[in-house]
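1. Dropping a prediction and its sequence here:
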Amino acid sequence: MSSSVSVAIAKRVAAHLTDGEIVNLGIGIPTLVADHLPDGVDVVLQTENGMLGVGPTPTDDAIDPNLVNAGKLPVSELPGASYFASSASFGMIRGAHVDTAILGALQLDGQGRIANWSIPGKPILGVGGAMDLLVGARRVIAATTHLAKDGSQKIVAETAFPLTADRPVDLIVTEHATFAVRDGGLVLIDVAEGSSVEWIEENTGAAFTVALESAAGAPQEAVR
Amino acid sequence: MVSVCSPAEALAHVQPGDTVMVGGFGLVGAPLTLIAALLEADGARDLTIVSNNLGEPGRGLGKLLPARRVRKAIGSYFTSNREVVEAHLRGEIEVELLPQGTLAESIRAGGAGIGAFYVRTGAGTLLAEGKEERIIDGERYLLQFPLKGDVALIRAHKADKLGNLAYLKTARNFNPDMATAAKTVIAEVDEIVEVGELSPEEIATPHLFVDHLVRSEGVSA
C-alpha cells in the first residue's frame, strides 16, 4: 500500500496534524501518515486494540508478537506508552479523548459521510472500530484515493454502500483534492500540485463549492 | 479457589449450547492452547462464540468452523476469516456483528452488573436495525444489552497461585473484560508464580474473577 499515490495522500493528510495531538490511524493509507509528519510535528498514536504511544515499525529482530496495531502489524513502544483493555480503549474513543481519527473510505457522500465497512453482495463481514471512531473522535479525516481502482468515483452524491455513521467527516484528503465539510456540504479548499479544479470537478460525483485556502506550509505533492 | 489443571480438565466445563467468550485481537492474546483443547472437548458443540474475530482460516478460532462447533458468532470483524463469511452466506452459522467498542462495552457491562446501556455508535446505520433508539441531549443513541458467557477462555502472561493475572502489551485487549463476564473463567498463562511474586500494581485481573489456570503449551496458531 505504499505506492507513490498512497504516500502523496499520507503527506497531504499529515500536513493537517498539529504537534501533540492524540491520533488514531485506520488501516491502509492512514497507517502511512505516521511516517510522513512535517518537521516539528510529533503526534501521539492511539491504537484501538489497547495502546497509547505507538512507535514505529520495529526491525525484524525486534518484532514482539504481543505488540501489534489495529491492522495486526508489528509496532514498537515509545517512552510514555501505556496498555489498556479494549473497553477502556473504546471509552477513550467514544468519550472524545482522541483528537483526530484518520480513516480510509470506500465512498463518501455529498454531506461528507463515509461508507467504509460493507459492500453489498461482497463477502465482507466486519466493522471493527470504524463506527466508534466516527462517533467519538473530535475530528475525523478521510484519507482516500480520489477514484476507486476500477476508475469509478468515490466521492458521490449518495453512497451505494451502507454508511458507517450519520456523522460526517471533517476533512477529505485525496491525491488531487482536499475538501472541508462545512454546513452539510463539501468545500474544495486545496488542489494538489499537478491537478486542477477542472479535473476534480470531472471526477467528483458530489456537488462542492470552491474556496481555496493558501496551504500554510502544507507540502504540495505532484500527482504521478 | 483457583485450580491449576490440564487443558482437557478445564475444557470439560464446556457444555453443548454454551456461550463461550474467547479473548484475543486476531491471534494476538488468543488462548491458542485452550482453543486446541476446545476442539477435543466433548461438550464443545452448538456453541455461541463471543470474540472480536473468529481467527483466520484454519488458525486459532478458525479451527472450530470446519469442525462444525459454532452455531453463532458474536464479534466485530470476521472479514479476516473468509470461511466465516462463506459459512454465514450458506446459512450454516448465525453472525451478530457489533461495532468493536460496543462489543467490548457489552462484555464489560455483562461483568459489572449493568442491565443495559445507550451508545451513540451505530445509530443511523444498518447495525441499528432492531435496536431501540433514544435521543439524549439531541443525539441518537442505541440501547445495547450486555453479553455474558457460560465460559471465558482468556490468555494472560503470568498468574500467581491465587489466580491473579498480569498481561503482556497488546495481548491484553479483550481478556480482562471477558474475565469478568463469564460463570467459569479459564486462563491460559505462560507462567504460574507464588503468591506475592506479582506486584499488586501489575495485576490487571484480580483473582476473584478466575476459576482455572492452564499452562500454555505453546500451541502455535
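-> Cool, the structure landed.
2. C-terminal to the host helix or strand of A:Gly91, what's the next element?
-> Per DSSP states H and E, A:Gly91 falls inside helix A:86-94. Toward the C-terminal end, the helix or strand that comes next after helix A:86-94 (DSSP H and E) is strand A:100-103.
3. Give me the neighbour count for A:Ala207.
-> By other Cβ atoms under 10 Å in any protein chain shown, 10 other residues sit near A:Ala207. The C-beta positions use only the backbone N, C-alpha and C, and glycine is treated the same way.
4. Do you know the pLDDT at it?
-> Predicted confidence (pLDDT) for A:Ala207: 98.
5. Pull out the CA atoms of stretch B:53-63 and give them to me as CSV.
-> Output of stretch B:53-63 as CSV, limited to C-alpha atoms (Å, rounded to 0.1, in the frame of the first residue of the first chain):
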residue,chain,number,x,y,z
ASN,B,53,-12.8,-12.2,15.3
LEU,B,54,-13.2,-15.9,14.5
GLY,B,55,-9.4,-16.4,13.9
GLU,B,56,-8.1,-16.8,10.4
PRO,B,57,-8.9,-19.8,8.1
GLY,B,58,-7.7,-22.9,9.9
ARG,B,59,-5.9,-20.8,12.6
GLY,B,60,-6.9,-20.0,16.1
LEU,B,61,-10.7,-19.9,16.5
GLY,B,62,-10.8,-20.6,12.7
LYS,B,63,-10.3,-24.2,13.6
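6. how about the strands in the chain?
-> Picking chain A for this. A:22-25, A:44-47, A:51-55, A:76-83, A:100-103, A:107-108, A:114-115, A:139-143, A:171-173, A:177-182, A:185-191, A:208-210 (DSSP state E).
7. could you do chain B instead?
-> Under DSSP E, chain B gives strands at B:3-4, B:19-22, B:47-50, B:70-75, B:94-97, B:117-119, B:133-136, B:139-144, B:149-155, B:158-160, B:165-166, B:182-189, B:191-193, B:212-215.
8. These: which one's closest to chain A?
-> With Cβ to the nearest Cβ as the measure, strand B:94-97 is the member of the strands of chain B nearest chain A (6.0 Å).
9. list the helices and strands that closest one packs on?
-> strand B:70-75, helix B:82-89 (3 or more Cβ pairs under 8 Å, 6 or more residues apart in numbering or on different chains; DSSP states H and E).
10. lowest-confidence stretch among these?
-> helix B:82-89 - the lowest mean pLDDT of the helices and strands packed on strand B:94-97, at a mean of 90.
11. buried set for that one?
-> Buried positions in helix B:82-89, judged by neighbour count with 16 or more other Cβ atoms under 10 Å in any protein chain shown: B:83-85, B:87-88.
12. And the lowest mean pLDDT element among the helices and strands of the chain?
-> All of this refers to chain A. In chain A, no helix or strand scores lower on mean pLDDT, DSSP states H and E than helix A:29-32, which sits at a mean of 92.
13. wait, I meant chain B there
-> Lowest mean among helices/strands of chain B [mean pLDDT, DSSP H and E]: helix B:82-89, a mean of 90.
14. near chain B, which residues of chain A show up?
-> By Cβ under 8 Å from any Cβ of the partner chain, the residues of chain A that approach chain B are A:47-51, A:64-68, A:72, A:77, A:83-87, A:89-91, A:93-94, A:118, A:123-132, A:135-136, A:162-166.
15. and the longest helix for chain B?
-> Looking across chain B with DSSP state H, the single longest helix is helix B:100-111.
16. how many degrees apart are that helix and strand B:182-189 in direction?
-> 110 degrees (axes from the mean of the first three to the mean of the last three Cα atoms, to 10 degrees).
17. and helix B:100-111, average pLDDT?
-> pLDDT averaged over helix B:100-111 gives 98.
18. in the sheet, who's paired with A:Gln23?
-> I think there's a mix-up here, since residue A:23 is Val and not Gln. Beta bridges link A:Val23 to A:Leu45, A:Thr100 when assigned by DSSP bridges.
19. any chance of the strands of chain B in CSV, plus mean neighbour count?
-> Below are these laid out as CSV (neighbours: other Cβ atoms under 10 Å in any protein chain shown):
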stretch, mean neighbour count
strand B:3-4, 14
strand B:19-22, 27
strand B:47-50, 24
strand B:70-75, 21
strand B:94-97, 16
strand B:117-119, 18
strand B:133-136, 10
strand B:139-144, 18
strand B:149-155, 27
strand B:158-160, 22
strand B:165-166, 24
strand B:182-189, 24
strand B:191-193, 15
strand B:212-215, 22
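20. returning to what we had before: can you say which of the residues of chain A next to chain B are buried?
-> For these, buried by 16+ other Cβ under 10 Å: A:47-51, A:66-68, A:72, A:77, A:83-87, A:89-91, A:93-94, A:118, A:124-132, A:135-136, A:162-166.
21. Can you list the low-confidence ranges for the chain?
-> Answering for chain A, as no chain was given. Low-confidence segments of chain A (pLDDT under 70): A:1-2, A:123, A:215-224.
22. Let me rephrase: I mean chain B.
-> B:221.
23. who's in contact with A:Asp99?
-> A:21-23, A:137-139 (Cβ atoms under 8 Å, 6 or more residues apart in numbering or on different chains).
24. How about A:Asp132?
-> A:48, A:90, A:93-94, B:99-102, B:121.
25. any idea which residue of chain B is furthest from its center?
-> Largest separation from the mean C-alpha position in chain B: B:Gly138, at 34.1 Å (Cα atoms, centre = their mean).
26. do you know how far that residue is from B:Val14?
-> 46 Å (Cβ to Cβ, to the nearest Å).
27. Also B:Phe209?
-> 18 Å.
28. same deal with B:Leu97?
-> Taking Cβ to Cβ, one finds B:Leu97 at 24 Å from B:Val14.
29. Count the neighbours of B:Ser76 for me.
-> 26.
30. if we can go back for a sec, please give the centre-to-centre distance between the least confident helix or strand of chain B and its chain.
-> With Cα atoms, centre = their mean, to the nearest Å as the basis, helix B:82-89 stands 20 Å off its chain's centre.
31. Can you list the neighbours in contact with that helix?
-> A:123-125, B:54, B:57-58, B:62, B:65-66, B:73, B:78-79, B:93-95.
32. Which residues are in contact with B:Asn173?
-> Here B:Asn173 is in contact with A:49-50, A:85-86, B:23-25, B:28-29, B:52 (criterion: Cβ under 8 Å, 6+ apart).
33. For those residues, work out which two are farthest apart.
-> Maximum pairwise distance in those, criterion Cβ to Cβ, is 13.7 Å, between A:Ala85 and B:Val28.
34. rewinding a little: which residues are contacting the least confident helix or strand of chain A?
-> A:1-2, A:6-7, A:9-10, A:13, A:25, A:69, A:71, A:73, A:102-104, A:143-145.
35. what do you get if the cut-off is 7 Å, keeping everything else the same?
-> Helix A:29-32 is contacted by residues A:1-2, A:6-7, A:9-10, A:25, A:71, A:102-104, A:143-144 when judged by Cβ atoms under 7 Å, 6 or more residues apart in numbering or on different chains.
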